[in-house]
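Trainee: Take this sequence and fold it.
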Amino acid sequence: MLKYIDLSHTIEDGMITYKGLPAPIICDYLSREASKTIYAKDTQFQIGKIEMVANTGTYIDAPFHRFEAGKDLSELPLEKLAHLPAVLIDATKNETRAIGKSYFKGIDIKGKAILIRTDWSQYWRTDQYFENAPFLTADAAVFLRNSEVRLVGIDSYNIDNVADGSRPVHTVLLGAEIPIVEHMTNLESIPNKDFRFSAIPPKVKGFGTFPVRAIAIFE
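Mentor: Numbers count the residues shown, from 1 in each chain. Below is the predicted model of the structure:
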């Protein structure tokens, strides 16, 4: 029997994911009450409607998010999204906000999804979530790229230092076609054993970012 751990935030009406971006609007397009006039007696349906920016909840970044000529969501290979062998990196004891390459040295990470635990998700939906969050350094991104990892995820506000407008981590990883998953949660629930990771977005043409249901999978 496989076991699953949900690593995603729930998307809710009015929820702010990223400071300065609008919250999603979730409502009925067709309510159950209205559907009574369309279907047979005692038959009802609800059709929902959502208006949101792509960077909502727990989401994945494709190369197109950073690079105009990069692969968009519809072009991401499933081999980089589904049932990936994964490694959890515990950076909760890091003495600074910056998470450097030393966390990844001496670990078998080639061909794997790398999930970085900071526990910053405990501040989700509070003002503190947006301030002084942990992030990956540029040299860590280069190390991960050169180590040929398949995906990098983090449970923080941004994988980059938001004070650096050049966004070096996004630039390095997405430039190497390594997807990024941000705003993860519940990484503390992953046990110390081998696991797999999946984070699959819808197949949207012309989008570089979209929410995912990120999961850890265990045997």
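Trainee: Next, the buried residues of stretch 76-92.
Mentor: 76, 80, 81, 84, 86, 87, 88, 89, 90, 91 (16 or more other Cβ atoms under 10 Å). Glycine gets a C-beta too; all of them are placed from N, C-alpha and C.
Trainee: just curious, which of those is nearest to residue 217?
Mentor: For the buried residues of stretch 76-92, the residue nearest residue 217 by Cβ to Cβ is residue 86; the value is 8.7 Å.
Trainee: Contacts for the strand or helix carrying that closest one, please.
Mentor: Assigned by DSSP states H and E, residue 86 belongs to strand 84-90. With Cβ atoms under 8 Å, 6 or more residues apart in numbering as the test, strand 84-90 has contacts from 103-104, 107-109, 111-117, 150-151, 187, 190, 194-198, 216.
Trainee: Sitting in strands, which of these do you find?
Mentor: Judged by DSSP state E, strands contain the following of the contacts of strand 84-90: 113, 114, 115, 116, 117, 151, 195, 196, 197, 198, 216.
Trainee: Need those residues in TSV (columns: pLDDT and neighbour count).
Mentor: What follows is the ones in strands among the contacts of strand 84-90, written out as TSV (pLDDT from 0 to 100; neighbours: other Cβ atoms under 10 Å):
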residue	pLDDT	neighbour count
113	98	28
114	98	25
115	98	25
116	98	27
117	98	21
151	98	22
195	98	22
196	98	18
197	98	27
198	98	20
216	98	22
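Trainee: a markdown table please, covering those residues and showing distance to residue 98.
Mentor: Output for the ones in strands among the contacts of strand 84-90, formatted as a markdown table (distance: Cβ to Cβ, whole Å):
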| residue | distance to residue 98 |
| --- | --- |
| 113 | 22 |
| 114 | 16 |
| 115 | 18 |
| 116 | 12 |
| 117 | 16 |
| 151 | 21 |
| 195 | 27 |
| 196 | 29 |
| 197 | 24 |
| 198 | 29 |
| 216 | 26 |
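Trainee: Pick the one among those closest to residue 178.
Mentor: residue 151 (6.4 Å).
Trainee: Show me what that closest one is bridged to.
Mentor: residue 113 (DSSP bridges).
Trainee: right, and it touches residue 79 too?
Mentor: No: here residue 151 does not reach residue 79: they are 10.2 Å apart, not a contact under Cβ atoms under 8 Å.
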